[in-house]
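J.: sequence unavailable; structure follows:
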């Protein structure tokens, strides 16, 4: 009798452990937790160092483009968690108040966004890759 109870306890704990692992894995991959933060700034190097200090992760620099007034605009990107968004947004705007910060929800299967964008300067117009505005 005692031996049977020990077997039932072992099976119960194995089921609880497996369920915990599955729930934890699903929680880490929940769509609403992952976001893509895109930053356009004139202070790329300073921004990279500050975000690295804050999060321990590196920003990805996509491009550095010289604008009309000869200033260089840096396009940076970082995958963040939902709870990091406000802290990083405050940090970015403390370094560069004119920085443009886009936060886009991530699609959990392939890492692409689903079209919903929260833009720091209001909703930008939809444009093609050549800059042409789409008609509604």
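T.: Right, received. Where do you want to start? Fair warning: this is a prediction, and the values are worked out from it, not measured in the lab.
J.: number of nearby residues for residue 92?
T.: For residue 92, the neighbour count with other C-beta atoms under 10 Å is 23. (Glycine included, C-beta is placed from N, CA and C.)
J.: buried stuff in the helix or strand where it lies?
T.: Taking DSSP states H and E as the criterion, residue 92 maps to helix 85-95. If you call a residue buried by 16 or more other C-beta atoms under 10 Å, then helix 85-95 has these buried ones: 88, 89, 91, 92.
J.: the first one and residue 51 touch, don't they?
T.: Think residue 88. Yes: assessed by C-beta atoms under 8 Å, residue 88 is found in contact with residue 51 at 6.7 Å.
J.: any residues in contact with both of the two?
T.: Each of residue 78 lies in contact with both residue 88 and residue 51 under the rule C-beta atoms under 8 Å, 6 or more residues apart in numbering.
J.: residue contacts, residue 67?
T.: Neighbouring residues of residue 67 by C-beta under 8 Å, 6+ apart: residue 73.
J.: about what we covered before: nearest to residue 2 among the buried residues of helix 85-95?
T.: Closest approach to residue 2 among the buried residues of helix 85-95 (C-beta to C-beta): residue 88, at 56.3 Å.
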